[in-house]
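Model the structure of this input:
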Amino acid sequence: MKTPNQVTTPKRILTKIALLTILTLVGGCSGSSDFADIRSFMEDVKQKPRGSIAPLPEFEPYQPFTYGASNRRSPFEPPVVIPVKSEEQRRNIGVKPPQDHVKQYLERFNLAASEMVGTMQQEESTWALIQDNTGGVHRVQVGDYMGASWGKIESINDSRIDITEIVSDGAKGWLRRPRSLELRVKPE
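Numbers count the residues shown, from 1 in each chain. A predicted model of the protein is given here:
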């Protein structure tokens, strides 16, 4: 009869086999001179002179550009084409931008960059809500100015704002140009 210390279980046998395998692998990898060629290559590389890296080039600092033609026609809008001496020109002889006009906040933005987002009414007054290209929402009423071309608000209804701009006719004169902003409807 065997004592409990002499009983071999499959778990003990597997542990002994794994231990023998690990010892064999470690013993086979250590102390070998098979890597002498790699060591000599590494020494040769260390003995070679090291190169130098060229310094980074010096860049000129960025100079911001200030756009100075904000009161002119946008290059993305079609030009105003006027036949010479038309009835429209004869009616616009006295048209010119207001001289003593104090600029309002929405005159900083081009009309193409502004959107009508709603209306408000209180008693007899009607206001339109305008969103500028920075995301701010502003309240305007008839008689206020907006846009870069002296756009005066002529009328406001629930779905649009009618504006009259004063633009250059290209012949050192000025024209009234009707524009409108439609109410922006969000898609569902």
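
Poorly predicted segments of this protein, please.
Counting by pLDDT under 70, the chain contains low-confidence residues at 1-8, 27-33, 70, 81-93, 186-188.

just the strands in it please.
Applying DSSP state E to the chain gives strands spanning 115-122, 125-131, 137-140, 145-146, 151-156, 160-168, 174-182.

which stretch among those comes nearest E107?
Closest of the strands of the chain to E107 is strand 145-146, at 5.5 Å (criterion: C-beta to C-beta). Where C-beta positions appear, they are placed from N, C-alpha and C, glycine not excepted.

What pairs with the closest one, parallel or antiparallel?
Neighbouring strands of strand 145-146 in its sheet, by DSSP bridges, are strand 151-156 (antiparallel).

Sketch out the helices for this protein, chain order is fine.
For the chain, the helices defined by DSSP state H cover 10-29, 36-47, 87-91.

Would you format the strands of the chain as TSV with mean neighbour count included?
Formatted as TSV, the strands of the chain follow (neighbours: other C-beta atoms under 10 Å):
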stretch	mean neighbour count
strand 115-122	14
strand 125-131	18
strand 137-140	16
strand 145-146	24
strand 151-156	19
strand 160-168	19
strand 174-182	16
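
Tabulate the ones you listed in TSV, adding columns for distance to G68.
Rendered in TSV, the data for the strands of the chain read as follows (distance: least, C-beta to C-beta, whole Å):
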stretch	distance to G68
strand 115-122	25
strand 125-131	25
strand 137-140	24
strand 145-146	20
strand 151-156	20
strand 160-168	16
strand 174-182	20
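
among those strands, which is nearest P55?
Ranking these by their distance to P55 (criterion: C-beta to C-beta) puts strand 125-131 first, at 49.6 Å.

Which strands or helices does the closest one pack on?
Contacting strand 125-131 under the criterion 3 or more C-beta pairs under 8 Å, 6 or more residues apart in numbering; DSSP states H and E are the following elements: strand 115-122, strand 137-140, strand 151-156.

Looking at those strands, which is nearest to P75?
Nearest to P75 among those is strand 151-156 (18.2 Å), distances taken as C-beta to C-beta.

sorry, back to before: for T21, find the nearest of the strands of the chain.
strand 125-131 (74.5 Å).

Show residues contacting that closest one.
106, 114-121, 137-142, 146, 153, 156, 161, 181, 184 (C-beta atoms under 8 Å, 6 or more residues apart in numbering).

do the same with stretch 104-122
With contact meaning C-beta under 8 Å, 6+ apart, stretch 104-122 is reached by 70, 74, 76-77, 126-133, 137-140, 144-151, 156-158, 160-161, 163, 165, 179, 181-184.

How far does it sit from its chain's centre?
22 Å (C-alpha atoms, centre = their mean, to the nearest Å).

Might you report the residue contacts of K103?
By C-beta under 8 Å, 6+ apart, K103 lies in contact with Y145.
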